[in-house]
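In: The following comprises the amino acid sequence and a computationally predicted model.
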Amino acid sequence: MWWKPVHRSERIWFTIAFIWCMILFAMMPLWHLRGGQNPSGTRARVEPSAYVARVQQFVRDYGTGATDGGIPVVAPPAGADIYLLGAQFQWTPVLQLEQGAEYTLHLSSLDVNHGFNLFPFNVNFQVVPGYDYGLRVIPTEAGSYSILCNEFCGIGHHLMVGRVIVNPVGTASAPEASPAAAGGGQ
Amino acid sequence: MNAADSAFRVCPTTGLKVHKDADALIKANAVVATVALLVGGIAAILVLLTRWQAVHLLSDVMFYRWLTIHGMNMLIFFILFFEMAVLYFASAVLLNCRVAGPKFAWAAFVLMVAGAGLVEWTTFTGRADVLFTSYVPLRAHPAFYLGVILFAVGAIIVTTIFFSTLVIAKRERTYTGSVPLVTFGAITAAIIAAITLLHGAAIYIPTFLWSVGVMNVDPQIYRLVWWGLGHSSQQINVAAMVSIWYLLGALTAGAVVLNEKISRTAFVLYILFISMASAHHLLVDPGFGPSWKIVNTSYFMYMAVLASMLHGFTVPAGIEMGMRLRGFTEGIFGWLRRAPWGDPGFSALCLSVVVFGFVGGITGVTFGTEQINIIAHNTLRIPGHFHATVVSGTAMAFMGITYYVIPLIFRKKVAFYGMARWQPYVFAIGMLIFSLSMTFVGTFGVPRRHYDISFAGAPFGVEFSPATDLMMGLMAIGGLIAALGGGMYILITVWSVFFGAPLGADCTDKALRGSVPPGVYARPFMELPKTEVELKEHGRLGVAPGTMVLVFVFLVAFVVYYFANWKLLSDTWQIG
């Protein structure tokens, strides 16, 4: 009893809706080819303790010796692999990058899930313990940025803020000057 | 014959035979659902008054605790208890059939209440400050996970009883032809529920064992399987909500089904594609590659999106055609002007369709795009989206049908009927302000599930733009208006059910006017003065020209919002 011919208006809407869904689909592979923002990256499993060791090595290699908000400041050269650790309730280390340079930003966690949010650009990634997420990033604008945690990670969640400083093109990273100049908010 | 019949009562209004167990089960589930709604609603107000930085009511510990309580009570207990009632209604009541194994049905109810009780006890006593998602390795008391498992087992028994009831109805020939579309939709909901609850078992049983120290659970696998539960369960809501849309359309405005084939196919698309769509929660997760993400969000999710776009057309088009068949044929929108806007069932239906589609649907599909998720994940844009779907959509539809359930199932007049006529508007307008401001403020990167965005005591200061404070204030005001609407709903339903005037035997227009929705006595679905053949086609716009115009407005809004987000994305750092 319910196999009746479809009304024309329904046929029209079905066709339009289907085409629109195909456009929605096509945009994603297209952006991989043409767009500048994709969540692909490199993905690998990593033991939290091994990742912590990598972060410590990273701080030893490129650390400026200064601290900001009690957290070591690191100024890696262009093209370097950057290691950022989320742990209850701190992002380590503070990063000093150069505008327009390309880096591979690694994200992982020591304990529970954290959320990487680059403020005020609103770039978000999930940080999962046991997984190393390596994202190619090019900071396109200079300035001082915060890293908020936006995945609930325990009662101190809302205190978890990190920092990234992007120096304008041409200024060599000046280790001792930057933290103060960026205006700490302690 | 007589002995069997004594287990039924005949509904004097609709002529449907109602099995007494079905009656009692629907009542019990509806009552518990309302209690959960009350608890969740109180939690909502407390959470809201804390996120409103100007008030900042709770301490941090209590904020996260009440947020957990809010999520569990609203998204699990209120919705699922209500859906259990819908399952009994769509099987036993609509098909004139007895409930299969009423003893099992009551056992399932007891299990679900016990499970919910365990969860309430652990969350209220601070043994489970892990929020709704309880992402491993955040750790709660084992009783929390056990409670969820018991609840899920109870729900799975109810879906089994639902299917058994359908088999009985078929065997005892209590209905002829195909099952009604509303039952078909409920079957969809029940199948998705079965898939969902199996995911739930697959993740909560290992997590329970992990919490007592027996085994290990990988945090990424947890997120994958948990969202098989967490998102698919929202799809139960969607299927149940769409079924109620069809039901309310018929009850309030005499809506017809344009084409059963299309509507039923759209329900089948939900079943086929919805579990995979859970992947859109993992778009910026480290555990999965781009091809996996694209396949799961595009091929699979968009077929479910297509289904929603079809229902979004056929529901209003069915109302339009029903109205036109009844003689409201003037112009493009004459039927809409003459629609029963004072019937809370009808206004709830329309508000549910509009807010679900325009706000919830458009934002959901946009945020569920692989790359756009980078500028949406875990910000307030996400709760902004799902409050428009689950609250303004599903809960609004549930509220609308309640105004019919009170007279038709509980046999009571609707208390404070004048207030009931306003309730859908108050609730929907509040929720609309709330979810729009929440979605908007999320574009500034304001995180969800966050106690204090003034970051007092954090190692670095963070200052959001002043617009953020304004929007958060608006969000709070909208939320409070919605809470008022929710309070009105609870007052009306509780008062009607426990202290309300019984309907009596006189079901005429005169006896009932002003105390129940007009669809109960005027029954527009019973009379069709015209036949479909007599209906004039409006040129290119076909039989439902008004709906055609409305869906094109929707499409334009969709396209604009979608591409505006690509633009927003292209302005951030290059990343990949």
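Out: Nice, I can see it. Residues are numbered from 1 along each chain as shown, chains lettered A, B, ... in the order given.
In: what's near enough to touch residue 134?
Out: All of this is about chain A. With contacts defined as Cβ atoms under 8 Å, 6 or more residues apart in numbering or on different chains, the neighbours of A:Gly134 are A:Gly41, A:Thr42, A:Arg43, A:Ala44, A:Asp81, A:Thr104, A:Leu105, A:His106, A:Leu107. Bear in mind the C-beta positions are built from the backbone N, C-alpha and C, glycine included.
In: Can you look at chain B instead?
Out: B:Ala128, B:Ala140, B:Phe144, B:Tyr145, B:Thr207, B:Trp226.
In: List just the nearest of these to B:Ala456.
Out: B:Ala128 (26.5 Å; Cβ to Cβ).
In: What is the neighbour count of the closest one?
Out: A count of nearby residues for B:Ala128, using other Cβ atoms under 10 Å in any protein chain shown, gives 28.
In: Give me the phi and psi angles of it.
Out: Dihedral pair for B:Ala128: phi -150, psi 60, per degrees, to the nearest 10.
In: Neighbours of the residue in the stretch 251-400 of chain B that chain A sits nearest to, how many?
Out: Per Cβ to the nearest Cβ, B:Glu260 is where the stretch 251-400 of chain B lies closest to chain A, at 3.1 Å. Per other Cβ under 10 Å, the neighbour tally for B:Glu260 reads 17.
In: just the contacts of A:Gly134 that are near chain B?
Out: A:Gly41, A:Arg43, A:Leu107 (Cβ under 8 Å from any Cβ of the partner chain).
In: which of those residues tops the neighbour count?
Out: Of those, with other Cβ under 10 Å as the count, A:Leu107 tops at 25 neighbours.
In: Shouldn't it be within a strand?
Out: Yes: secondary structure of A:Leu107 (DSSP: H, G, I helix; E, B strand; the rest coil): part of a strand.
In: isn't it right up against A:Leu84?
Out: Yes: taking contacts as Cβ atoms under 8 Å, A:Leu107 lies within contact range of A:Leu84: 5.6 Å.
In: Need the residues touching each of those two.
Out: Common neighbours of A:Leu107 and A:Leu84 (Cβ under 8 Å, 6+ apart) are A:Phe116.
In: got a pLDDT number for B:Arg449?
Out: Each residue has a pLDDT score; the one for B:Arg449 is 96.
In: Angles on the backbone of the nearest residue to it once chain neighbours are set aside, please.
Out: Nearest residue to B:Arg449, sequence neighbours excluded (Cβ to Cβ, 6 or more residues apart in numbering or on different chains): A:Phe152, at 4.7 Å. Torsion angles at A:Phe152 (phi, psi; degrees, to the nearest 10) stand at phi -50, psi 120.
In: what's around the residue of the stretch 451-576 of chain B found nearest chain A, how many residues?
Out: Closest approach between the stretch 451-576 of chain B and chain A, counting by Cβ to the nearest Cβ: B:Gly461, at 2.4 Å. By the criterion of other Cβ under 10 Å, B:Gly461 has 15 neighbours.
In: what does B:Asp506 give?
Out: 10.
In: what's it in contact with, if anything?
Out: B:Leu512.
In: Regarding it, what is its secondary structure?
Out: B:Asp506 - assigned by three-state DSSP - is coil.
In: Tell me the pLDDT of it.
Out: Predicted confidence (pLDDT) for B:Asp506: 74.
In: what's the answer for B:Val32, then?
Out: Reading off the model, B:Val32 has pLDDT 97.
In: right, and the helix or strand after the host helix or strand of it?
Out: In the assignment (DSSP states H and E), B:Val32 maps to helix B:20-51. Next helix or strand after helix B:20-51 toward the C-terminus (DSSP H and E): helix B:60-71.
In: Pull out the buried positions in stretch B:51-62.
Out: Residues of stretch B:51-62 classed as buried: B:Arg51, B:Trp52, B:Leu58, B:Asp60, B:Met62 (neighbour count, 16 or more other Cβ atoms under 10 Å in any protein chain shown).
In: Can you list the helices and strands that the helix or strand where B:Ala240 lies packs against?
Out: Counting by DSSP H and E, the element that carries B:Ala240 is helix B:232-253. Helices and strands touching helix B:232-253, by 3 or more Cβ pairs under 8 Å, 6 or more residues apart in numbering or on different chains; DSSP states H and E, are helix B:79-88, helix B:181-211, helix B:260-277, helix B:301-325, helix B:344-355, helix B:396-408, helix B:518-522.
In: would CSV of these with mean pLDDT be doable?
Out: As requested, the helices and strands packed on helix B:232-253 are exported to CSV (pLDDT from 0 to 100):
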stretch, mean pLDDT
helix B:79-88, 93
helix B:181-211, 92
helix B:260-277, 86
helix B:301-325, 92
helix B:344-355, 98
helix B:396-408, 94
helix B:518-522, 86
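In: Go through those helices and name the closest to B:Gly442.
Out: When the helices and strands packed on helix B:232-253 are compared (using Cβ to Cβ), the closest one is helix B:344-355, at 17.3 Å.
In: and that closest one, C-alpha only, in CSV?
Out: What follows is helix B:344-355, C-alpha atoms only, in CSV (Å, rounded to 0.1, in the frame of the first residue of the first chain):
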residue,chain,number,x,y,z
PRO,B,344,1.3,23.1,22.3
GLY,B,345,1.7,19.8,20.4
PHE,B,346,1.8,21.7,17.1
SER,B,347,4.0,24.6,18.2
ALA,B,348,6.4,22.2,19.9
LEU,B,349,6.6,20.2,16.6
CYS,B,350,7.3,23.2,14.5
LEU,B,351,9.9,24.7,16.9
SER,B,352,11.6,21.3,17.1
VAL,B,353,11.8,21.0,13.3
VAL,B,354,13.1,24.5,12.8
VAL,B,355,15.7,24.7,15.6
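In: packing partners for the helix or strand following it?
Out: Proceeding N to C from helix B:344-355, the next assigned helix or strand is helix B:362-367, under DSSP H and E. Judged by 3+ Cβ pairs under 8 Å, 6+ apart, helix B:362-367 is in contact with helix B:381-386, helix B:545-570.
In: The shortest one and chain A, are they touching?
Out: In other words, helix B:381-386. No: Helix B:381-386 stays clear of chain A (Cβ under 8 Å from any Cβ), getting no nearer than 9.1 Å.
In: Who are the packing partners of that helix?
Out: So helix B:381-386, by 3+ Cβ pairs under 8 Å, 6+ apart, packs with helix B:362-367, helix B:417-442.
In: Mean neighbour count added to the ones you listed, as CSV?
Out: Below are these laid out as CSV (neighbours: other Cβ atoms under 10 Å in any protein chain shown):
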stretch, mean neighbour count
helix B:362-367, 23
helix B:417-442, 22
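In: any chance of the contacts of B:Ser134 in TSV, plus distance to chain A?
Out: Listed next are the contacts of B:Ser134 as TSV, based on distance: Cβ to the nearest Cβ, whole Å:
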residue	distance to chain A
B:Ala128	13
B:Ala140	12
B:Phe144	15
B:Tyr145	16
B:Thr207	14
B:Trp226	11
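In: buried subset of the residues you listed?
Out: So, by 16+ other Cβ under 10 Å, the buried ones in these are B:Ala128, B:Ala140, B:Phe144, B:Tyr145, B:Thr207, B:Trp226.
In: State the next helix or strand along the chain beyond the longest helix seen in chain B.
Out: Assignment by DSSP state H gives helix B:466-499 as the longest helix of chain B. Remark: after helix B:466-499, the chain's next helix or strand is helix B:509-512, criterion DSSP H and E.
In: pLDDT-wise, which helix or strand of chain B ranks last?
Out: helix B:2-5 (a mean of 47; mean pLDDT, DSSP states H and E).
In: got the angle between the longest helix belonging to chain A and helix B:545-570?
Out: In chain A, taking DSSP H as the definition, the longest helix is helix A:8-34. Using axes from the mean of the first three to the mean of the last three Cα atoms, to 10 degrees, one finds that helix A:8-34 and helix B:545-570 are set 10 degrees apart in direction.
In: and the helix or strand just after helix A:8-34, what does it pack onto?
Out: Counting by DSSP H and E, the next helix or strand C-terminal to helix A:8-34 is strand A:42-45. Strand A:42-45 is packed against strand A:131-138, with contacts defined by 3+ Cβ pairs under 8 Å, 6+ apart.
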